[in-house]
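1. sequence below, structure please.
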Amino acid sequence: MSSAELTPPEAARWTARAGLPLPDDRHAAVAATAGHIHSVVSVLRELDFGDTPPAGAYRAGKEKRDAAV
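-> Now for the predicted structure:
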């Protein structure tokens, strides 16, 4: 999806293409929801995770326990 807002007709086309045809009265709501999700994800993409290791590097059983508060 481009940075332009998703229009209700485009939402109808994409949902139909995905096999999820919607009633006509839902197209605007789906387009608005998709626009909101896109804006949230675009903010997350701007975050700098720096030295944060990828999730695959995390081992739940290998943590050091530290009782200090």
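2. helix/strand/coil for Phe49?
-> coil (DSSP: H, G, I helix; E, B strand; the rest coil).
3. what about it, neighbour count?
-> 7 (other Cβ atoms under 10 Å). For every residue, glycine as well, the C-beta is placed using N, CA and C.
4. how far away is it from His36?
-> Using Cβ to Cβ, to the nearest Å, Phe49 is found at 23 Å from His36.
5. and if you look at Asp48?
-> 23 Å.
6. neighbour count: those two, which is higher?
-> His36 (10 against 6).
7. where's the more buried one, which helix or strand?
-> If you go by DSSP states H and E, His36 is part of helix 27-45.
8. quick check: mean pLDDT of that helix?
-> Regarding helix 27-45, the rounded mean pLDDT is 93.
9. just give me the neighbour total for the nearest residue to Gly35 once chain neighbours are set aside.
-> Leaving aside its chain neighbours, Gly35 sits nearest to Glu5 (5.4 Å; criterion: Cβ to Cβ, 6 or more residues apart in numbering). Neighbourhood size, Glu5 [other Cβ under 10 Å]: 13.
10. my guess is Glu5 contacts His36, does it?
-> No - contact criterion Cβ atoms under 8 Å: Glu5 and His36 do not qualify, at 10.6 Å.
11. end to end on stretch 44-53, go ahead and measure it.
-> Using Cα to Cα, to the nearest Å, the end-to-end distance of stretch 44-53 comes to 17 Å.
12. re the thing from before, run the chain-centre distance for the helix holding His36.
-> Helix 27-45 sits 8 Å away from the centroid of its parent chain (Cα atoms, centre = their mean, to the nearest Å).
13. go on, stretch 6-16?
-> The answer for stretch 6-16 is 17 Å, by Cα atoms, centre = their mean.
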